[in-house]
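>>> Make a model of this:
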Amino acid sequence: MLDEIHAAFDRGDFVPYLGPGVLTLAGADCALPYSPEALVGKLTAAATVPHKIRNNLTAAAQFIENFKHRKTITTVMTKTFTDATPPTALHRWLAVRPRLPLFVNAWYDDLPQKALAGRSAWGMAQGVSQAEHFGAWVHYFRPDGSQIEGGARVTDSSGAKAPADAPDETLSWTTLLYQPIGSVAPASNFIISDSDYVEILTEIDIQTPIPEAVRSIRRGKSFLFLGCRFSTQLERSFARQIMKRSSDRHFAVLPEAPTRNEARFLREQNIVRIDMPLDIFVAKLTADAFGATELASPAEA
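I've put the predicted structure just below:
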């Protein structure tokens with residue numbers, strides 16, 4: 001299976017899809033939250049929310065937005081994810097793939113940007129909140145963090161829903177970093193509250209919020225899910241819609257026993273489950289590039 005995955009990356013036929021669990025590879029000293037549960041703890045430490053929603057990330061964020069201010073959410077999220085943590089070996093390995101047309105990071109950290117910094121001809125497409133950027137689904141950024149104006153409107157001149165078209169400048173990119181729920185860098189864009197997701201989920205089935213470039217690049221590609229769970233409807237919906245009309249076979253490193261909903265999702269989407277701890281899988285995947293000793297898990301070292 002590893003040979004198959006390596007070969008697919010070499011051909012440019014694989015799309016890495018990273019979730020919050022990838023941050024566990026950064027080590028015990030990493031201050032970045034590596035799960036929704038860890039992140040909601042950061043939010044509720046900064047603002048009081050009702051006990052019944054203290055463990056619900058989107059609901060807690062919505063409460064803070066309603067009774068404090070949206071700026072409170074943005075400030076806490078920016079403080080939480082602004083960190084000097086360097087890219088992990090996985091991020092570095094992905095960043096030097098000769099053919100990496102699409103890189104999906106479904107969390108708020110900026111480790112992919114840091115890893116891609118030495119690469120040429122790449123840029124970012126980030127989902128943005130309607131609460132802060134009404135009239136846009138996505139913002140595009142150059143590697144230096146400057147925003148590219150144009151494209152990605154929610155409505156066209158007639159007021160109808162419009163797809164997220166990319167500015168012409170993005171057509172020259174050989175790698176597109178797609179961050180569907182935003183990122184701390186370069187502009188602190190965060191899709192996190194209930195209302196943020198409602199806006200997207202009302203349109204995501206017809207693909208409107210997903211950039212046209214993503215829809216084009218994914219054709220015929222297989223997705224490799226790393227650090228992801230599919231236990232909630234949100235997680236499944238985003239994964240399903242982002243890999244829609246791509247290849248008919250995908251992979252997910254999922255060492256924990258899948259829930260019933262996860263197992264059903266894996267079957268429906270023809271996702272091959274790789275039953276292996278993430279750190280061991282990454283060590284095997286990247287051994288040729290960095291050496292097995294550097295990436296060995298604590299148990300193996």
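
>>> what about the helices in the stretch 1-150 of the chain?
2-11, 36-46, 57-67, 70-81, 89-95, 111-116 (DSSP state H, counting those that start in this stretch).

>>> Turn the ones you listed into a markdown table, columns for mean neighbour count, distance to residue 182 and mean pLDDT.
Placement of C-beta: from N, CA and C, glycine included. As requested, these are exported to a markdown table (neighbours: other CB atoms under 10 Å; distance: least, CB to CB, whole Å; pLDDT from 0 to 100):
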| stretch | mean neighbour count | distance to residue 182 | mean pLDDT |
| --- | --- | --- | --- |
| helix 2-11 | 14 | 26 | 93 |
| helix 36-46 | 18 | 13 | 96 |
| helix 57-67 | 20 | 12 | 96 |
| helix 70-81 | 18 | 9 | 96 |
| helix 89-95 | 22 | 18 | 97 |
| helix 111-116 | 23 | 12 | 98 |
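
>>> Distance to residue 237 added to those helices, as JSON lines?
Below are the helices of the stretch 1-150 of the chain laid out as JSON lines (distance: least, CB to CB, whole Å):
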{"stretch": "helix 2-11", "distance to residue 237": "25"}
{"stretch": "helix 36-46", "distance to residue 237": "15"}
{"stretch": "helix 57-67", "distance to residue 237": "13"}
{"stretch": "helix 70-81", "distance to residue 237": "21"}
{"stretch": "helix 89-95", "distance to residue 237": "24"}
{"stretch": "helix 111-116", "distance to residue 237": "22"}
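
>>> among these, which is nearest residue 231?
Residue 231 lies closest, by CB to CB, to one member of those: helix 36-46, at 9.9 Å.

>>> Any buried residues in stretch 236-254, and which?
Buried residues in stretch 236-254, defined by neighbour count with 16 or more other CB atoms under 10 Å: 236-239, 241-243, 246-247, 250-254.

>>> before we move on, what SS does residue 224 have?
strand (DSSP: H, G, I helix; E, B strand; the rest coil).

>>> Run through the residues that contact residue 12.
For residue 12, the contacting residues are 98-101, by CB atoms under 8 Å, 6 or more residues apart in numbering.

>>> Can I get the residues you listed in CSV including distance to residue 130?
Converted to CSV, the contacts of residue 12 look like this (distance: CB to CB, whole Å):
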residue, distance to residue 130
98, 38
99, 35
100, 30
101, 28
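
>>> Out of the residues you listed, show me where the pLDDT dips lowest.
Across the contacts of residue 12, the smallest pLDDT goes to residue 98, namely 93.

>>> Report the angle between the helix or strand harbouring residue 198 and helix 70-81.
Element membership for residue 198 (DSSP states H and E) is helix 194-204. For helix 194-204 against helix 70-81, the angle by axes from the mean of the first three to the mean of the last three CA atoms, to 10 degrees is 90 degrees.

>>> Which parts of helix 194-204 count as buried, going by neighbours?
194-197, 199-200, 203-204.

>>> Export the residues you listed to TSV and append columns for pLDDT.
Formatted as TSV, these follow (pLDDT from 0 to 100):
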residue	pLDDT
194	97
195	96
196	96
197	96
199	92
200	94
203	92
204	90
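
>>> Show me which of those is closest to residue 11.
Nearest to residue 11 among these, with distances taken as CB to CB, is residue 204, at 28.7 Å.

>>> Not counting its neighbours along the chain, what's nearest that closest one?
With CB to CB, 6 or more residues apart in numbering as the criterion, residue 204 has its nearest non-adjacent residue at 4.8 Å, and that residue is residue 241.

>>> sec struct for the one you found, please.
Classification of residue 241 by three-state DSSP places it in helix.

>>> on that earlier part again, from the chain's centroid, how far away is the helix holding residue 198?
16 Å (CA atoms, centre = their mean, to the nearest Å).

>>> and that helix with helix 57-67, angle?
Angle, helix 194-204 to helix 57-67, by the same axes, to 10 degrees: 120 degrees.

>>> which of the contacts of residue 12 count as buried?
Looks like those have 100-101 buried, using 16+ other CB under 10 Å.

>>> so what's the backbone phi/psi at the closest residue to residue 278 other than its chain neighbours?
If you skip the residues right next to it in sequence, residue 278 has residue 253 as its closest partner in space, 5.4 Å away by CB to CB, 6+ apart. Note on residue 253: backbone dihedrals following degrees, to the nearest 10 are phi -80, psi 110.
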